[in-house]
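> Starting from these lines, generate the structure:
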Amino acid sequence: MMIRTLNDVFYAVVDRDLDCVMMFKNQSKWTPISSREFYRNVVGVARTLESWGVGKGDRVAILSENRPEWAVADFATMLLGAATVPVYGTLPPVQALHLLRDSGARAVFVSSREQLQKVRSIQDQCALEKIVLMDDAEEADVVPMKHMMDSGPGAREEAFDRRAQALGPDEIATIIYTSGTTGTPKGAMLTQGNLASNLLHSMDLYDFQPGQVSISFLPLSHVTARHLDYAMFWHGVTVAYCPFFEQLLSALREVQPHFFVAVPRVYEKIYHQTLGKVNGGLKRSLFNWALGVGRTHKDDVLAGKTPSGWRWQVADHLVFSKVKKALGGRVDIHISGGAPLNRELLDWYASIGIRIFEGYGLTETSPVVALNNPQFFRPGSVGRVLKNVQVRIGQDDEILVKGSSVFKGYWNLPAETANAFEDEWFRTGDVGRVDEDGFLFITDRKKDLVKTSGGKFIAPQVIEGKLKVNVLIAEAAILADRRRFPSAVLAPHFPALEDWAKANGVPFGSREELLANPQVVALYQGLVDEVNRDLAQFEKVKRFILVPDEFSIANGALTPTMKLKRRFIEERYRKQLDELYADKTALRAG
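You can find the predicted model right below:
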């Protein structure tokens, strides 16, 4: 089947007439929503929006965690030819205001009273006319979404369906504001055709079947999560919504998805949690033995083969199956996207029997440019380029892309749009290469390269990935821009560090006291030295600081898509860094 628009995806869902299109957890029970309920809910919301005068070319914002109402509001907006403007639920009011005001959104769907208060505090500074509340609560001057959904038709409405299906692929489906590690977010305009074209080709070599389950936990404000859910809807896979990351592990156990798609930081967290549970004694010995067995079969796993032999079977039964069970027990497809996946991490997962298919894309490319799959897979690459796009390597090894899924431009920013293209090729800002078999490799972000005062360019993500493979390091930020040498801000994985401190008789009353201990500083010096052995002289991390904080979206260290805000990190720890570079001899903990 061909897909011209995302509205075609909606009608594919409706025409299948499935009993469970999506599900959500209502108190302790997972509640299904059928194709018929979905149609009623979406058309009911669309009809209400239409009665407010919302139509072609208008913008409607969604400020919510992942839940069925997100998809309902999204499709209802697009069925009218209007554009959805997603707003990250974690954004503070001043940043949410920029998106609402810049897009000129006429209405906004909010999930909860908390998000409602955020919008109310800025409503008089933007063009919002209506606020819709998803939670079942009565609020003055707010429209309950439940009433809108309940007003939907009990049967198909032919006239409405004809108008919705007549909309063409050039209609703007969404304006997604790039989270941006620097500068003000820009609104990328993606058409129905951009997204549909990408959807048609991104997962054509995966075997998705109706009745299977996928879990939606990556923020739907990010294009990767939207794309995944559209793909699942198109293939008839049930989408289970997990609104908060802290609920993910319990949701995985309960829902038991067949697929798991995550950003590298999620895979890193699972890795750290796994190692944290085998922190000593017989458990550690057993785990190390099993991992040793797994490493001898790593290449088989990466090649898509099931390892054989009694040692593997014992290791899998006693150790590896526990990790897989934590992910639900029946995941047979693992995909990573959104940022480069460290090769050491890829190999570790392969050693426990999990093959991760890495992909690559950007908001502006709707999003997938390349993706590994069971048929064509090369470890360390992000896969072969999709059929609907072309890639070439430009100046400074920058990856350039053109094709039907490349975006229309930045909202109200013609100069920025022009600068984003080289002739008809979109400039990704990523550095990479294509091998002789057509596999694309990402080496770094062009804009994220840091340049020392000696004129040497350093790719920080590679070094950060090597540092974070160690269980004692939760986060790492390499800083070297206009400095004499690279330094690192290291945020320890405190559960593992505290266990080490207790085992080695290191007393501490607080995190700050622990990090100031010379034995701890020496421990981390050893970890840095180990990574430095594989680096060129100009890349070596000469000094570091240890910080008691965690890097998170909430404290501003990470973007909503969980990418590191390097400039923010440097500013946050500027005093310690200035002291570090001023000190001619000592490494410091701060």
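> Other residues contacting the longest strand belonging to the chain?
Determined from DSSP state E, the single longest strand within the chain is strand 425-434. For strand 425-434, contacts defined as C-beta atoms under 8 Å, 6 or more residues apart in numbering pick out 360, 362, 364-365, 369, 385, 391-394, 396-402, 406-407, 420-421, 440-447, 449, 459. From N, CA and C alone the C-beta is placed, and that goes for glycine too.
> One more pass at 7 Å, please.
The contact list for strand 425-434 (C-beta atoms under 7 Å, 6 or more residues apart in numbering) reads 362, 364-365, 391-393, 396-402, 406, 420-421, 440-447.
> Is it possible to mark the buried ones in these?
By neighbour count, with 16 or more other C-beta atoms under 10 Å, those hold 362, 364-365, 391, 398-402, 406, 420, 440-446 as buried.
> So which of the residues you listed are in strands?
Filtering the buried ones among the contacts of strand 425-434 for membership in strands, criterion DSSP E, returns 391, 398-402, 440-445.
> number of nearby residues for R433?
Counted with other C-beta atoms under 10 Å, residues neighbouring R433 total 13.
> low-scoring stretches of the stretch 251-400 of the chain, by residue?
For the stretch 251-400 of the chain, no stretch has pLDDT under 70.
> R163 belongs to a helix?
Yes: assessed by DSSP: H, G, I helix; E, B strand; the rest coil, R163 belongs to a helix.
> distance of it from G55?
Computed with C-beta to C-beta, to the nearest Å, the distance linking R163 and G55 is 10 Å.
> Also E398?
Noted for E398: a distance of 40 Å to G55, by C-beta to C-beta.
> now swap in V213 and tell me
V213 is 36 Å from G55, where distance means C-beta to C-beta.
> Between these two, which has more neighbouring residues?
The residue with more neighbours, out of V213 and G55, is V213; 18 against 11, by other C-beta under 10 Å.
> Does Q165 touch L6 like I think?
No: counting by C-beta atoms under 7 Å, L6 is not a contact partner of Q165; they are 11.5 Å apart.
> So for those two, which residue has more residues nearby?
When neighbours are counted by other C-beta under 10 Å, L6 comes out ahead of the other of Q165 and L6, with 29 against 14.
> contacting residues around that one?
So L6 contacts 78, 173, 192, 195-196, 230 (C-beta under 7 Å, 6+ apart).
> wait, which of these is closest to K322?
Set against K322, the nearest of these by C-beta to C-beta is Y230 (33.1 Å).
> can you tell me how far the closest one sits from G338?
16 Å.
> can you check I176 too?
The gap separating I176 from G338 is 14 Å, by C-beta to C-beta.
> The two: who's more crowded?
More crowded of I176 and G338, by other C-beta under 10 Å: I176, with 27 against 24.
> Quick check: bridge partners of the more buried one?
Note on I176: beta-bridge partners A188, judged by DSSP bridges.
> these two touch, right, it and L362?
No: counting by C-beta under 7 Å, L362 is not a contact partner of I176; they are 10.4 Å apart.
> Sheet partners, orientation included, of the longest strand of the chain?
Here strand 425-434 is paired, per DSSP bridges, with strand 398-403 (antiparallel), strand 421-422 (antiparallel), strand 440-445 (antiparallel).
> As a markdown table, those with distance to S285 would be great.
Formatted as a markdown table, the strands paired with strand 425-434 follow (distance: least, C-beta to C-beta, whole Å):
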| stretch | distance to S285 |
| --- | --- |
| strand 398-403 | 45 |
| strand 421-422 | 56 |
| strand 440-445 | 37 |
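> Lowest mean pLDDT across those, which one is that?
Least confident of the strands paired with strand 425-434, judged by mean pLDDT, is strand 440-445 with a mean of 84.
> Endpoint to endpoint, stretch 309-322 covers what distance?
This stretch, stretch 309-322, spans 19 Å end to end (C-alpha to C-alpha, to the nearest Å).
> how much distance is there from it to the middle of the chain?
31 Å (C-alpha atoms, centre = their mean, to the nearest Å).
> can you pull the buried residues of the helix or strand hosting V42?
Secondary structure assigned from DSSP states H and E places V42 in helix 35-51. Of the residues in helix 35-51, 35-50 count as buried by neighbour count, 16+ other C-beta under 10 Å.
> Just after the one helix or strand W500 maps to, pick out the following helix or strand.
Assigned by DSSP H and E, W500 belongs to helix 494-503. Once the chain leaves helix 494-503, the next helix or strand it forms, by DSSP H and E, is helix 511-516.
> model confidence over that next one, on average?
The model assigns helix 511-516 a mean pLDDT of 94.
> quick one: the helix or strand that comes right after that helix to chain centroid distance?
With elements assigned by DSSP H and E, the helix or strand that comes after helix 511-516 is helix 518-532. Distance of helix 518-532 from the chain centroid (C-alpha atoms, centre = their mean) equals 31 Å.
> quick one: helix 518-532 to helix 494-503, angle?
If you take axes from the mean of the first three to the mean of the last three C-alpha atoms, to 10 degrees, helix 518-532 sits at 120 degrees to helix 494-503.
> tell me what helix 518-532 is packed against?
Other helices and strands packing on helix 518-532, by 3 or more C-beta pairs under 7 Å, 6 or more residues apart in numbering; DSSP states H and E, are helix 460-468, strand 543-546.
> average pLDDT for the last one?
Model confidence over strand 543-546 averages 94 on the pLDDT scale.
> Downstream of that strand, the next helix or strand is which one?
helix 566-572.
> Tell me which residues of that following helix come out buried.
In helix 566-572, counting by 16+ other C-beta under 10 Å, buried: 566, 568-570, 572.
> so what secondary structure elements neighbour it?
Secondary structure elements in contact with helix 566-572, counted by 3+ C-beta pairs under 7 Å, 6+ apart, are strand 473-479.
> CA-only coordinates of the next helix or strand after the strand it packs on, as PDB, when you get a sec.
Helices and strands here follow DSSP H and E; after strand 473-479, the next one along the chain is strand 487-492. Listed next in PDB are the C-alpha coordinates belonging to strand 487-492 (Å, rounded to 0.1, in the frame of the first residue of the first chain):
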ATOM      1  CA  SER A 487      39.200  18.700  30.100                       C
ATOM      2  CA  ALA A 488      36.200  16.700  31.400                       C
ATOM      3  CA  VAL A 489      33.300  17.300  33.700                       C
ATOM      4  CA  LEU A 490      32.400  13.900  35.200                       C
ATOM      5  CA  ALA A 491      29.200  13.100  37.000                       C
ATOM      6  CA  PRO A 492      29.700   9.800  38.800                       C
END
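> Just want the angle from strand 487-492 to helix 518-532.
Going by the same axes, to 10 degrees, strand 487-492 makes 120 degrees with helix 518-532.
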